[in-house]
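J.: Next come a sequence and a model predicted from it.
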Amino acid sequence: MHEEGIARYKEATAWLLTFPPLMALLSTILSLNFAIFDRDTGARISIILMMTAMFIFIIADRYIRILIPLEEGQEPQMMRLYKKAAILLGVAIPILGLLSALAVGYPDAPLTSLSFTAISLSGLGSAWKRFYDKITGKIVIEVKRTKS
């Protein structure tokens, strides 16, 4: 992959990194005005959404782990896997955070949205580092030879 393509992915990832904090800010501001559910129901729904976010994080991490052993001629598949992981980590998890913060209401909304933002940003950072290292050739998979 040439430098122009890498720069384009770097810029897209940088823009995507702004979405989780903006969703956290939006969810905190919106939670001041209203809550969707009462306190007990909102807490249960928030736990369900957090577990869903963790499963999404695991799925996105799996996409990145599939990307690592791919050969050098498979850049389109690498890019496709990275895009899937980035969308799951940078868009799906912050939206779940918004819904979760609106479910629990004001006193718990800032911490709730902060936890979803932390999950999202840590996943995006890890995904970008692995993707960038793989594309630039810094990750090299050694072929294990068996004795015959």
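T.: Looks like it came in fine.
J.: per-residue confidence for the residue most central in space within the chain?
T.: With distances taken as C-alpha atoms, centre = their mean, Leu89 lies nearest the centre of the chain, 1.6 Å away. Note on Leu89: pLDDT of 94.
J.: What residues does it make contact with?
T.: Applying C-beta atoms under 8 Å, 6 or more residues apart in numbering, we find Leu89 in contact with Ile56, Phe57, Ala60, Ser120, Gly123, Leu124, Ala127. Every residue, glycine included, has its C-beta placed from N, CA and C.
J.: Mind putting these into a markdown table with secondary structure?
T.: Output for the contacts of Leu89, formatted as a markdown table (DSSP: H, G, I helix; E, B strand; the rest coil):
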| residue | secondary structure |
| --- | --- |
| Ile56 | helix |
| Phe57 | helix |
| Ala60 | helix |
| Ser120 | helix |
| Gly123 | helix |
| Leu124 | helix |
| Ala127 | helix |
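J.: Out of these, the closest to Ser31 would be?
T.: When the contacts of Leu89 are ranked by distance to Ser31 (C-beta to C-beta), Ser120 comes first, at 18.0 Å.
J.: Can you give me the distance of the closest one to Pro69?
T.: 26 Å (C-beta to C-beta, to the nearest Å).
J.: the more surrounded of these two?
T.: Under the criterion of other C-beta atoms under 10 Å, the comparison of Ser120 against Pro69 puts Ser120 first, with 31 against 10.
J.: Looks like that one contacts Pro21 (just checking).
T.: No. The pair Ser120 and Pro21 does not pass the contact test of C-beta atoms under 8 Å, sitting 9.1 Å apart.
J.: which residues in this structure form helices?
T.: 3-16, 19-33, 39-67, 75-87, 93-104, 109-136 (DSSP state H).
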